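> Turn this into a structure:
(chains A and B)
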Protein chains: 2
Amino acid sequence: MSLTKIAVMGFGVVGSGTVELFYKNKDLIEKRCGHEMDIKYILDLRDFPDSPFADKLTKNFDDILNDDEVKVVCELMGGKTFAYDYTKRLLEKGKSVVTSNKELVAAYGDELIATAKANGCNYFFEASVGGGIPIIRPLHQCLAGNKVEKIAGILNGTTNFILTKMIYDQLSFDDALKMAQELGYAERDPSADVDGFDPCRKLCILGSLAFGKHIYPEYIHCSGIRTISLDDVEYAANAGYNIKLIGLIEDTGDGLVATVCPRLVPVSNPLASVNDVNNAILVTCDALGDALFIGKGAGKFPTASAVVGDIVDAVKHQNADICSLTWAPSKDNSFIKHYKQDKVRVYVRIQANNADDLKNYITSLFGFVDFIPRKYRSADELAFITPDIVETEIDKSLALLAEKATVKKKIRLL
Amino acid sequence: MSLTKIAVMGFGVVGSGTVELFYKNKDLIEKRCGHEMDIKYILDLRDFPDSPFADKLTKNFDDILNDDEVKVVCELMGGKTFAYDYTKRLLEKGKSVVTSNKELVAAYGDELIATAKANGCNYFFEASVGGGIPIIRPLHQCLAGNKVEKIAGILNGTTNFILTKMIYDQLSFDDALKMAQELGYAERDPSADVDGFDPCRKLCILGSLAFGKHIYPEYIHCSGIRTISLDDVEYAANAGYNIKLIGLIEDTGDGLVATVCPRLVPVSNPLASVNDVNNAILVTCDALGDALFIGKGAGKFPTASAVVGDIVDAVKHQNADICSLTWAPSKDNSFIKHYKQDKVRVYVRIQANNADDLKNYITSLFGFVDFIPRKYRSADELAFITPDIVETEIDKSLALLAEKATVKKKIRLL
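Got it, this is the predicted structure:
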């Protein structure tokens, strides 16, 4: 067996998890890979004097870049600036790069994959979506014979935890967020999670892979869960739905529609019962039909699991571009259909004096709607679900309704 | 783009589905693969004069074996005799083979993988387990950094359909089987499904991959669902369980325990709500924790989906052994722990005059047991669930109980 040297850039949660997991299962990993391997460098600007891996630590990227022994590098730093520059230079030197950096892949995936191909090495990013859940490889390898029709996913563990606490423990959004922060699931600035930017990046990656064109974050309508109230949770439950933050990309026949937003998911849909910090990705294809992947979408070792899986593949194929991952750059978003041009059912909650008096008017605006019951519903409150209508038409009707009532909430259905 | 020629052996359900799917999505598949490809031969002993692919049909295996243009062959014939001989000879000629033949892989997987490696080609079998669900590649590639602890799966769609009909529509086993046969889910001789041989073969493949040693069908305890009655279904439901046919292989620390048998699955376990012909595979690993894969486990196009995915991989890497699938031959079953040496909880249903009078005796035999309530339970019937006990001890106690009552049923819990 030949000996391959690896470097790890970034010694935070995922980086240290990767190093720990690598040494824990080293014998098994080497046997499966058919190569001996070792971690030669760990790049981080911080000092870790008490780390058992202190002898591997360096603050100098050039140590890794210029060491011909190093064939595979894990970029676990996050962010775009340094990560982009380092990744690009490593690939140009023919070193394969493995990453968990969804922000970078969502912004530069097409370019970095092309750079890897041009230099006979690989750029792998299984860890960038769904943490440890195998999804990137299944999507582009196992489903290669399929035309993908739709991907719907719970792509963010933090928001799924918050919504689970709201649904099952009747915690308010603020209290559930606070609990998520105390448990270390949410950052002090929770915006990337609760405003949907993180799942948006993951949807970019899945969509680009499935549909073959780079889908940039700005092509995706993105809204988060800050405004979801316990009133909405209860009405949804009474109508047979759970509220989930869903990343959805769908080939409508006249363009791709891509959104990240809270949705009412029917309890009969398996996504509705994926709870806590779990992620789930439902892929619908022409031949296979539905395939569902569920697992831990984040966390030190689940993410490290995906990184190490990619390391094994990269070490095994270090002299060949085996990466069948590919998508074309997209010059514009003309292949994207505006989500408001798409048909959708929406849940609406309004406030008005004697709200029930508006029922006939609401029916005249939307057609046959489902009014949702609620125990002890106050007379000035009403919630309903519309039929399937192009969303711009729904908005027009809501504007008319707003002349007679306050529209408190509108949430799409899945 | 180079042009690669493919052959398909066996033009039954999966074979014709593979050919149809290949031509339906040919442009997309070639783009993803980076190679042009075409099907040159279809081998079948029957005549298909009206087939649009009649010009490709041959009855002579040698046409395929001796045609140097053919680089990838799909073995979709099933069975062991011809399939083994043909596969072996094709691999020895350096042609990659893709198969859905679980029986062959379960019996000769180690040998055929080794033959492929020795001849610089690949032997792929994603379609052999879980139909179109991506599971083989995720298990050996994506989870390569993990020590697998346990695999539990619903691996047979026919029996899952029958049990679903028993649970939700109160059909008897016989009626549900008849319905499955009428719908084309079950064969006229349903033994391979309902007696568990089919899921046993699939568990062999998953276990061999996960634990690195060939697990032969005879190493696995296998029992089917013929004896499950609606009484059992109702008692299970009253205790919070669904009955499912579960393939289970687990590393107990002092050996692997492998069984295919009906089990009471707690409704909180996601496997409990996988219904109809769907399959599901729950993999538990040290780093990732639980990952769950759900989808259509059988059927023409779902299985073809997996075959075509393997074709793409085989065409892409036709001159390299990239198959990281591997497991060692096993000379004996000394690494298998007898399942009766393992601790397990079991459900027991007995018949006796004034059965409730035996409650104290049952408790003295098994310790704290859960007696299960049932509406209109007759006085001569009693069902209970034991604590976690080594199964040989349970059997000893059941032998004592059998002196005072008729033990009608014993079903393990998951």
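> Establish whether stretch A:168-176 and chain B are in contact.
No - using Cβ under 8 Å from any Cβ of the partner chain, stretch A:168-176 stays clear of chain B, coming no nearer than 12.8 Å. Using the backbone N, CA and C atoms, a C-beta is placed for each residue, glycine as well.
> Averaged pLDDT, that stretch. What do you get?
The pLDDT scores in stretch A:168-176 average 97.
> quick one, what contacts A:Lys409?
A:227, A:229, A:231-232, A:347-349 (Cβ atoms under 8 Å, 6 or more residues apart in numbering or on different chains).
> now swap in A:Ile225 and tell me
A:159, A:162-163, A:173, A:194, A:196, A:243, A:245, A:262.
> what do you get if the cut-off is 6 Å, keeping everything else the same?
A:159, A:194, A:245, A:262 (Cβ atoms under 6 Å, 6 or more residues apart in numbering or on different chains).
> Ok, A:Thr115 next?
By Cβ under 6 Å, 6+ apart, the neighbours of A:Thr115 are A:Leu91.
> That one: helix or strand, and which one exactly?
helix A:102-118 (DSSP states H and E).
> Give the bridge partners for the closest residue to A:Asp231 other than its chain neighbours, please.
Distances taken as Cβ to Cβ, 6 or more residues apart in numbering or on different chains place A:Arg349 nearest to A:Asp231, at 6.6 Å, with adjacent residues excluded. Counting by DSSP bridges, A:Arg349 is bridged to A:Ala383, A:Lys409.
> quick one: contacts for A:Arg349?
A:383, A:408-409.
> And it, what's its pLDDT?
98.
> how close does it sit to chain B?
To chain B, A:Arg349 is 30 Å away according to Cβ to the nearest Cβ, to the nearest Å.
> next one: A:Ile42
Distance from A:Ile42 to chain B, by Cβ to the nearest Cβ: 17 Å.
> does that residue really touch A:Val8, like I thought?
Yes - counting by Cβ atoms under 6 Å, A:Ile42 touches A:Val8, with 4.9 Å between them.
> Give me the more crowded residue out of those two.
A:Val8 (30 against 26; other Cβ atoms under 10 Å in any protein chain shown).
> Across the sheet, point out what pairs with that one.
Bridge pairing for A:Val8 - DSSP bridges - gives A:Ile42, A:Cys74.
> Enumerate the residues of the stretch 51-200 of chain A near chain B.
Residues of the stretch 51-200 of chain A that fall close to chain B, judged by Cβ under 6 Å from any Cβ of the partner chain: A:132-134, A:137-138, A:141-142, A:144-147.
> Which phi and psi values does A:Ile389 adopt?
phi -140, psi 150 (degrees, to the nearest 10).
> and if you look at A:Ile154?
phi -90, psi 100.
> tell me the secondary structure for the residue nearest to it when sequence neighbours are not counted?
Using Cβ to Cβ, 6+ apart and skipping the chain neighbours, the partner closest in space to A:Ile154 is A:Ala280 (4.8 Å). Here A:Ala280 is strand, with the state taken from DSSP: H, G, I helix; E, B strand; the rest coil.
> contacting residues for A:Ala280?
Contacts of A:Ala280 (Cβ under 6 Å, 6+ apart): A:154, A:271, A:274, A:294.
> Verify the stated contact: the third one with A:Ile154.
Yes - the pair A:Val274 / A:Ile154 is scored as a contact, 5.5 Å apart, by Cβ under 6 Å.
> Closest one of the contacts of A:Arg349 to A:Leu90?
Nearest to A:Leu90 out of those is A:Lys409 (Cβ to Cβ; 47.4 Å).
> ok, so what distance separates A:Ala399 from chain B?
Distance from A:Ala399 to chain B, by Cβ to the nearest Cβ: 41 Å.
> How about A:Thr252?
Counting by Cβ to the nearest Cβ, the gap from A:Thr252 to chain B is 18 Å.
> How about A:Leu183?
16 Å.
> So what does that residue look like in phi/psi?
Dihedral angles (degrees, to the nearest 10) for A:Leu183: phi -80, psi 0.
> ok, for it, nearest residue in space, not its chain neighbours?
Nearest one to A:Leu183, counting by Cβ to Cβ, 6+ apart, is A:Phe161 at 7.9 Å.
> contacting residues for that neighbour?
A:180, A:185, A:276-277 are the contacts of A:Phe161 under Cβ under 6 Å, 6+ apart.
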